[in-house]
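Asker: starting from these lines, generate the structure:
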Amino acid sequence: MGKKLYIGNLSYDVSSSDLEALLSPHGTVQRAEVIMDRSTGQSKGFGFVEMDSDAEAQAAITALDGQDHGGRALKVNEAKPREPRTGGGGYGGGGGRRDRY
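Answerer: Just a heads-up that it's a prediction; the model follows:
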């Protein structure tokens with residue numbers, strides 16, 4: 001069990017400090033971050049929290065997963081490692097020569 005938690009289904013007005021306050025009753029929060037959309041600057045509705053210990057992380061999962069927060073049922077679980085991105089730029093696909101007639 002890792003100490004980093006995924007917190008999903010957050011209201012879009014929840015800030016990183018709100019997220020830290022939400023989890024701090026369950027242990028020491030080392031870091032809390034709500035993920036923001038780069039282009040709009042708005043919350044994406046999820047974030048990550050790093051707890052001080054595995055036991056604290058598990059306590060937060062047990063206490064908060066499925067609980068109502070701002071009218072939404074929170075999704076709290078262990079954060080999964082980020083998948084390596086595959087694929088490339090937007091230049092895939094066939095084509096070929098396109099002559100004008």
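Asker: any stretches of this protein with poor pLDDT?
Answerer: 1-2, 87-101 (pLDDT under 70).
Asker: now do the helices in it.
Answerer: 16-23, 54-64 (DSSP state H).
Asker: looking at these, which is nearest to residue 47?
Answerer: helix 16-23 (5.2 Å; Cβ to Cβ). Where you see a C-beta, it was placed from the backbone N, CA and C, and this is true even at glycine.
Asker: could you check the angle that closest one makes with helix 54-64?
Answerer: 90 degrees (axes from the mean of the first three to the mean of the last three Cα atoms, to 10 degrees).
Asker: hmm, who's touching helix 16-23?
Answerer: Helix 16-23 has contacts (Cβ atoms under 8 Å, 6 or more residues apart in numbering) with 5, 7, 10, 14, 29, 32-34, 47, 49, 51, 60, 64, 69.
Asker: repeat that for stretch 58-77.
Answerer: 1, 5-11, 13-14, 22-23, 25-27, 49, 51, 78.
Asker: which parts of the chain are strands?
Answerer: 4-8, 29-36, 43-51, 68-69, 72-73, 75-78 (DSSP state E).
Asker: may I see the buried residues of the last one?
Answerer: Of the residues in strand 75-78, those with enough neighbours to count as buried (16 or more other Cβ atoms under 10 Å) are residue 76.
Asker: from the middle of its chain, how far away would it be?
Answerer: 9 Å (Cα atoms, centre = their mean, to the nearest Å).
Asker: what pairs with it, parallel or antiparallel?
Answerer: Strand pairing for strand 75-78, determined by DSSP bridges: strand 4-8 (antiparallel).
Asker: list the buried ones in the strand it pairs with?
Answerer: 5, 7-8.
Asker: could you check how far stretch 20-28 is from the centre of its chain?
Answerer: 16 Å.
Asker: what does stretch 4-13 contact?
Answerer: Counting by Cβ under 8 Å, 6+ apart, 19, 22-23, 34, 42-43, 45-51, 57, 60-61, 64, 69-80 sit against stretch 4-13.
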